[in-house]
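Novice: Mind looking at a prediction? Sequence and model below.
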Amino acid sequence: MDGTLLVNCALSALGGFLSYRMIKEFIPIFLQRGMHGNDQCKVSNDKVPEPLGVVTAAVYLIVMFLFIPFPFFQWTTSEIDKFPHEKFLAFLSGLISICTAILLGFGDDVLDLRWRHKLMFPTLSSLPVLMVYYVTNRSTSVIVPKYFHFLLGQQIDIGPLYYIYMGMMVVFCTNAINILAGINGLEAGQSVVIAISVAIFNIVQLIRLESQDWYHYLSLYFLLPFIATTVVLFYFNWYPARVFVGDTFCYWSGMTLAVVCILGHFSKTMALFLVPQVFNFLYSIPQLFHLVPCPRHRLPKFDPNTNTVGMSMSVFKSRELKPLGQFCLAVFQTFGLLHRREFERDGEMWTEVNNLTLINLCLKLFGSMHERSLTILLLSIQAFCSCVAFFIRFYMASLVYDVVH
């Protein structure tokens with residue numbers, strides 16, 4: 001296994017090099033083909049090529065295709081009758097799900113799909129890995145916290161609910177990166193921080209455990225090429241961005257993280273690493289579900305005079321606010337998470353609130369700042385949450401569970 005991991009590291013380094021060369025080569029091609037956008041948080045109106053995430057994703061797939069034989073090489077040269085077909089199926093199913101997500105993400109970039117499609121397509125992409133998980137008779141049991149053993153026992157089999165939960169994890173991971181986005185370096189940066197955190201978790205588990213080593217090796221096989229290629233994309237997407245990553249990258253990164261946590265059997269731990277994304281989703285729910293009027297874009301507001309970004313606002317007629325939306329805004333305002341202003345115009349009451357994203361919340365709490373500083377702040381929050389996740393996973397879990405693997 002160690003030799004296989006070294007091969008994976010070497011191919012990952014090759015993938016990083018190829019990503020760098022390919023991105024530089026494809027930047028003028030994307031511009032010539034009209035695949036570009038404008039950076040709304042810049043004084044200049046230069047065209048930025050988009051979506052370059054598809055180039056990096058293609059390099060990642062090439063690396064993974066080249067790597068396929070290596071984890072199973074020992075069984076092809078000898079003991080062919082003992083070939084681990086279930087492990088091989090798990091590897092291929094994860095790769096198929098990632099391929100499908102990349103395809104659908106590129107379709108989203110080209111066709112600008114509606115939100116209902118963004119929920120449906122990741123569900124379809126998850127079917128290969130979920131189907132293989134099902135046919136290989138994987139466990140659907142969950143460990144019960146020790147405080148409830150007297151009611152439910154040490155484990156409980158939740159059956160089909162387990163597959164629903166994993167499908168929801170895929171949909172969330174795929175869209176979570178996309179929701180927390182809009183400034184240079186953020187999509188690729190948060191993905192790198194999360195992926196490195198998960199890779200460190202797998203390495204720690206390999207040192208601590210021997211009985212589950214395959215699952216953590218499998219997770220690393222998917223993660224290391226992803227980290228190597230995404231770091232290069234992050235370099236080009238860092239302020240001032242020379243490329244935009246596009247929805248292709250968000251689908252690809254989200255599906256990769258979902259696949260590694262499903263195949264690696266640590267979906268609950270993955271949720272700890274996604275705390276900023278979970279918070280951003282919960283904070284955004286009133287606008288995402290149109291309980292509060294939601295604009296097309298919720299990017300920060302750029303001030304060309306100071307070259308800083310500040311909170312972006314939504315302004316709407318107060319009577320358009322639904323009762324449940326009114327309740328949500330009241331809760332946010334109580335905890336200091338909302339800027340809200342009521343005013344009258346043309347004999348009618350209007351409401352102004354900041355757009356409900358973690359980005360705008362940071363700007364509310366810390367004030368307007370340079371876009372680069374805002375990205376650094378958000379990535380620092382992501383890294384801090386990863387540190388807290390490690391503390392919870394390895395030091396606090398024993399307070400809830402009798403045995404922590």
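Specialist: That came through, no problem. Residues are numbered from 1 along each chain as shown.
Novice: in stretch 194-204, what's buried?
Specialist: Ile194, Ala195, Ile196, Ser197, Val198, Ala199, Phe201, Asn202 (16 or more other C-beta atoms under 10 Å). For the C-beta atoms, the positions are set from N, CA and C on the backbone; glycine is no exception.
Novice: Closest to Lys42 out of those?
Specialist: Ile194 (26.9 Å; C-beta to C-beta).
Novice: Double-check that that closest one belongs to a helix.
Specialist: Yes - under DSSP: H, G, I helix; E, B strand; the rest coil, Ile194 sits within a helix.
Novice: Would you mind measuring from the residue of the chain most remote from its centre to Val63?
Specialist: Distance from the C-alpha centroid of the chain, by C-alpha atoms, centre = their mean, peaks at Gly347 (44.9 Å). From Gly347 across to Val63, the span is 63 Å (C-beta to C-beta, to the nearest Å).
Novice: same check, this time on Asp108
Specialist: Here Asp108 is placed at a distance of 23 Å from Val63 (C-beta to C-beta).
Novice: tell me which strands and helices the longest helix seen in the chain is in contact with?
Specialist: Once the chain is assigned using DSSP state H, the helix that runs over the most residues is helix 2-32. Contact analysis of helix 2-32 by 3 or more C-beta pairs under 8 Å, 6 or more residues apart in numbering; DSSP states H and E lists strand 47-49, helix 53-67, helix 213-237 as its packing neighbours.
Novice: So for the longest one, mean pLDDT?
Specialist: When pLDDT is averaged over helix 213-237, the result is 94.
Novice: Following the chain past that helix, name the next helix or strand.
Specialist: Using DSSP states H and E, the helix or strand that directly follows helix 213-237 along the chain is helix 246-263.
Novice: roughly how far out does that next one sit from the chain middle?
Specialist: 6 Å (C-alpha atoms, centre = their mean, to the nearest Å).
Novice: do stretch 308-328 as well
Specialist: When C-alpha coordinates are averaged (C-alpha atoms, centre = their mean), stretch 308-328 and its chain have centres 26 Å apart.
Novice: Quick check: end-to-end length of it?
Specialist: With C-alpha to C-alpha, to the nearest Å as the measure, stretch 308-328 spans 29 Å from end to end.
Novice: can you pull the buried residues of it?
Specialist: Buried, per 16+ other C-beta under 10 Å, within stretch 308-328: Thr308, Val309, Gly310, Met311, Ser312, Ser314, Leu321, Gly325, Cys328.
Novice: Which of the residues you listed fall within strands?
Specialist: Judged by DSSP state E, the buried residues of stretch 308-328 include Thr308, Val309, Gly310, Ser314 as members of strands.
Novice: tell me which of those is nearest to Val54?
Specialist: Looking across these and measuring by C-beta to C-beta, the closest to Val54 is Val309, at 27.2 Å.
Novice: where does the protein have low pLDDT?
Specialist: Scanning the chain for pLDDT under 70 picks out 1, 76-81, 113, 115-119, 137-139, 144-150, 152-153, 210-212, 398-405.
Novice: how does it divide into domains?
Specialist: 2-71+84-134+172-268, 274-405 (automatic domain parsing).
Novice: and the ones you listed as JSON lines, adding distance to Tyr163?
Specialist: Shown next, in JSON lines, are the domains of the chain (distance: least, C-beta to C-beta, whole Å):
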{"stretch": "domain 2-71+84-134+172-268", "distance to Tyr163": "6"}
{"stretch": "domain 274-405", "distance to Tyr163": "20"}
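Novice: Need the winner for burial among those domains.
Specialist: Comparing those by mean neighbour count (mean count of other C-beta atoms under 10 Å), domain 2-71+84-134+172-268 comes out on top with a mean of 20.
Novice: quick one: that one to chain centroid distance?
Specialist: Put simply, domain 2-71+84-134+172-268 sits 9 Å off its chain's centre (C-alpha atoms, centre = their mean).
Novice: gap between the two ends of it?
Specialist: Using C-alpha to C-alpha, one end of domain 2-71+84-134+172-268 lies 27 Å from the other.
Novice: Enumerate every residue touching Trp238.
Specialist: Listed by C-beta atoms under 8 Å, 6 or more residues apart in numbering, the contact partners of Trp238 are Asn184, Gly185, Gly189, Thr375.
Novice: Phi, psi for it please.
Specialist: Per-residue torsions, Trp238: phi -70, psi 150 (degrees, to the nearest 10).
Novice: just checking, Ile96 touches Leu130?
Specialist: No - with contact defined as C-beta atoms under 8 Å, Ile96 does not reach Leu130; the gap is 11.3 Å.
Novice: Shouldn't Gly37 be within a helix?
Specialist: No - applying three-state DSSP, one finds Gly37 to be strand, outside a helix.
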